[in-house]
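Chemist: predicted model and sequence below, questions to follow.
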Amino acid sequence: MKTSRVTIHTLREMKQRGEKIAMLTCYDATFARLLDESHLDILLVGDSLGMVIQGHDTTLPVTLDEIIYHTRAVARGATRAHVVGDMPFMSYQAGIETAMANAGRLIKEGGAHSVKLEGGAQHAELVTRMTRSGIPVMGHLGLTPQSFHQFGGFKVQGREPGAAERLIEDAVTLERAGAYAIVLEGIPSEVAERITAAVAIPTIGIGAGPSCDGQVLVIYDLLGLNDTFKPRFVRTYEKLATRIRTAADAYVADVRDGAFPAEAESFTLDPGKRAPRADAPLAAVLHVGGCAPAAVDDLPPLPEAERGKR
Ligand code: KIV
């Protein structure tokens, strides 16, 4: 059965109905398939991939080509969720024409359904141009990680006098410019609540309290893949770092003492026992490139003319 795609209109209707929006970051097709099954509304191919996948200290080194590569994988895996491609640092700040071309690549080459960019009023003209050209835009306000050096680190925003008002103005300006949703990151709950009331478009919070119209987390944080990283705003639903270490330890022990592979995990010359066929492609027999080893009954019969040649 084909499930219908979550669109920017679905998301707006969810806000109107008071239905919370569930969003997670996602970087590959396997996770996209699994998260789709859990009915995530939005999958964000975030530039956080620079930190959790590439091992950088900030999101700043991520390139547009890298985001496109991961977006393509996620778009292939997700049939229901709305897929957002993150505009990486300096892919939209240097000029409107470049930004338009880059956003277009995320949609055309990456298969994203919309793009996200960080910042408020300073990008109003760009957001208007994009939305008028058919590219839906998600805004991102507060602790915007691409401003790491400007902020002097990953610091909660919106606490200084006047800062809350500026954030509200930014949110209203983004909405007027045509943005369909806004991520609110690392700001006091009270400020997020005021912004959420001030705009008709959904707000999606991360470290912004419970009043937002939806929530987003980095999937690797939620799964506990880095057990040295435990900021206040993250809830870990799994301890995968521990479980992966345990599984890898068990595998290493089995390989070292010869317990893996067992007979049941091996092939023999007896065809009844699924021995590899002589004409099986070498890659299949050797289990190269992620394909399962081909046994006699995995392969189609050879055409008459080919028999005996290999
Ligand atoms: O890059 C990212 O993952 C993000 C989310 C944390 C909102 O921008």
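Modeler: On my side now, so go ahead.
Chemist: can you give me the helices for the stretch 1-150 of the chain?
Modeler: 8-17, 29-37, 49-52, 64-77, 96-108, 124-132, 148-151 (DSSP state H, counting those that start in this stretch).
Chemist: quick one: residues in contact with the last one.
Modeler: Read that as helix 148-151. With C-beta atoms under 8 Å, 6 or more residues apart in numbering as the test, helix 148-151 has contacts from 58-60, 143, 154, 157. (C-beta placed from N, C-alpha, C; glycine too.)
Chemist: residue numbers of the stretch 151-300 of the chain in contact with the ligand?
Modeler: Residues of the stretch 151-300 of the chain lying near the ligand by C-beta under 6 Å from any ligand atom: 183, 185, 206, 216, 218.
Chemist: number of nearby residues for the third one?
Modeler: So the one you mean is Ile206. Neighbour count for Ile206, taken as other C-beta atoms under 10 Å: 24.
Chemist: can you tell me how far the closest residue to the ligand within the chain sits from Ala179?
Modeler: Per C-beta to the nearest ligand atom, Gly46 is where the chain lies closest to the ligand, at 2.3 Å. Distance of Gly46 to Ala179, computed by C-beta to C-beta, to the nearest Å: 17 Å.
Chemist: equivalent analysis for Pro145, please.
Modeler: Applying C-beta to C-beta, the value for Pro145 to Ala179 is 18 Å.
Chemist: what about the two, which has more around it?
Modeler: Neighbours were counted for Pro145 and for Ala179 using other C-beta under 10 Å; Ala179 has more, 28 against 20.
Chemist: contacts only, for Ala200.
Modeler: Counted by C-beta under 8 Å, 6+ apart, Ala200 has contacts 12, 15, 175.
Chemist: switch to 10 Å and redo it
Modeler: 12, 15-16, 175 (C-beta atoms under 10 Å, 6 or more residues apart in numbering).
Chemist: which of those residues tops the neighbour count?
Modeler: Highest neighbour count within those: Lys15, with 20 neighbours (other C-beta under 10 Å).
Chemist: for the record, mean pLDDT for stretch 197-212?
Modeler: The average pLDDT within stretch 197-212 is 98.
Chemist: name the element the closest residue in space to Ala121 that isn't next to it in sequence belongs to?
Modeler: Closest residue to Ala121 apart from its sequence neighbours, by C-beta to C-beta, 6 or more residues apart in numbering: Thr173 at 4.4 Å. Taking DSSP states H and E as the definition, one finds Thr173 inside helix 163-177.
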